[in-house]
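**Q** Quick one: sequence plus predicted model below, questions after.
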Amino acid sequence: MLLAAAAGAEARLLTPPLLDAPVPPPSAAPEDRLIAAAQAFERGQARLALDTVDALIDDEPTFRVAHYLRGRIFGALSGIPTPRLLPEHGDALAALAEELELRLARNSLDEARHMQPTAVLALPDDVRYLLAVDLSAARLYLLENGPDGVRLIADRYAAMGSAGFGKEREGDLRTPLGIYRITEWKDDASLPELYGHGAFPVDYPNDWDRHRRRTGYGIWLHGVPRDTYTRVPRSSEGCVTLSNDAMAWLHDYIDIGVTPVVLADRLQWATREAVASERARFKTRIDDWRDAWAQRDTERYLSFYADNFTTEHQARPHFAAHKRAVNAGKAWIDVELRDLTIFDYPGEDDLRLVSFVQDYRSDNYESVSRKRQYWRLQADGSWRIEREVELEEREIEPTALSAEARP
């Protein structure tokens, strides 16, 4: 949505189509009240818009974008058009104009109830909630995991780094793109006022960031100083910032070390049925990889690995030689995967993150390990593994395994 130039004596806001929605009561969320005021102004009801935004400011005096909207309404009532402001102008008013545009462009929750981000293909049962942040839209989405996929629960305005997204190096003031986990909670008492209610750090740089030689640290989801309700869309040193109310609200949904955070340049949405169909197709590819390994069909197994495949210690030629040697010494192999997670990786072309717990058995070795794989769509239309990271492996004590003991 755009803040349009004033036409004649009246500045107008081009807003979402639900212009006849009732004005939310004072108990409604501040953002809903802000949007209601903007929509009333769009309908030409400047007096109602002013009353609505004044009541909002009385309740939330540090909500700066509400003051900005109030100024626009006064400009229209005075007959003095307010010039159009763009984010690239770089001043405080332009930043508030961008914030209002982004808030007005928010999708209706009712419209999105049957949709989910296409980036989230599969989650294990023990992951109940996840966060997905659309950085271009300045929006954080809370989603619940269930048997039919993920379901949108709620959303909140969220700001990012002052230089935008796509972090590459320490100090570039950008918010990273990727899949992360919340690692801890830092409460208000342990932090400077800059962080407001508190902070949820994430595990940037993750293994893909390190593979890409990205640097930096200290990427958090955190609150704001108490002299402002929220910060403008691009304002942090790379963190995601939310209102202190939103940070307090998130507490009930965060499982430290488990809850995923998707930081995306722009989220794409589809029906849960469409995502389920793609999940089934891709899981077939993973099952074929596992089956080739279990069948000791080593050349078919290696065909699932891209030419540029690497591990943390090996390139493809050394990896292939090692696998040929190991598999040749096995009488049988059994591989099972559980706790499967699949994400489309933000900021990358046709890359998927696959993680799982792997139960491996053979006639002379047993282990349980956690792995991450990065699958890339190839020019021939097939998905192949570009990167594999073994997070941990635990060898199981031998149990008189033999060719006859095969399950």
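**A** Cool, got the structure. These numbers were taken from a predicted model, which means no experiment stands behind them.
**Q** host element of residue 97?
**A** Here residue 97 sits within helix 92-104, counting by DSSP states H and E.
**Q** Rounded mean pLDDT for that helix, please.
**A** Helix 92-104 carries an average pLDDT of 91.
**Q** Stretch 69-85 now?
**A** Averaged over stretch 69-85, pLDDT sits at 77.
**Q** before we move on, the earlier item: just checking, what packs against the helix holding residue 97?
**A** Here helix 92-104 touches helix 30-42, helix 64-78, strand 149-157, strand 234-236, going by 3 or more C-beta pairs under 8 Å, 6 or more residues apart in numbering; DSSP states H and E. All C-beta atoms are positioned from the backbone trio N, CA, C, and that covers glycine.
**Q** Could I get the CA-only coordinates of it as PDB?
**A** The C-alpha trace of helix 92-104 is given here as PDB (Å, rounded to 0.1, in the frame of the first residue of the first chain):
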ATOM      1  CA  ALA A  92      12.600  10.100  10.400                       C
ATOM      2  CA  LEU A  93       9.400  11.000   8.700                       C
ATOM      3  CA  ALA A  94      10.100   8.800   5.700                       C
ATOM      4  CA  ALA A  95      10.800   5.900   8.100                       C
ATOM      5  CA  LEU A  96       7.500   6.400   9.800                       C
ATOM      6  CA  ALA A  97       5.800   6.600   6.400                       C
ATOM      7  CA  GLU A  98       7.300   3.200   5.500                       C
ATOM      8  CA  GLU A  99       6.200   1.700   8.800                       C
ATOM      9  CA  LEU A 100       2.600   2.900   8.200                       C
ATOM     10  CA  GLU A 101       2.600   1.500   4.700                       C
ATOM     11  CA  LEU A 102       3.800  -1.900   5.900                       C
ATOM     12  CA  ARG A 103       1.300  -2.100   8.700                       C
ATOM     13  CA  LEU A 104      -1.500  -1.200   6.300                       C
END
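**Q** The chain should start at 54 in everything you say after this.
**A** Sounds good: first residue 54 from here, last item helix 145-157.
**Q** which parts of that helix are buried?
**A** 147-157 (16 or more other C-beta atoms under 10 Å).
**Q** Enumerate every residue touching residue 386.
**A** Residue 386 sits next to 346-349, 380, 413-415 when contact means C-beta atoms under 8 Å, 6 or more residues apart in numbering.
**Q** so how far is residue 285 from it?
**A** According to C-beta to C-beta, to the nearest Å, residue 386 stands 56 Å off from residue 285.
**Q** again, but for residue 425
**A** Distance of residue 425 to residue 285, given as C-beta to C-beta: 35 Å.
**Q** of those two, who's got more company?
**A** It is residue 285, of residue 425 and residue 285, that has more neighbours when counted by other C-beta atoms under 10 Å, with 23 against 18.
**Q** Nearest residue to that one in space, please, no chain neighbours.
**A** Of all residues not flanking residue 285 in the chain, residue 148 sits nearest, at 3.8 Å (C-beta to C-beta, 6 or more residues apart in numbering).
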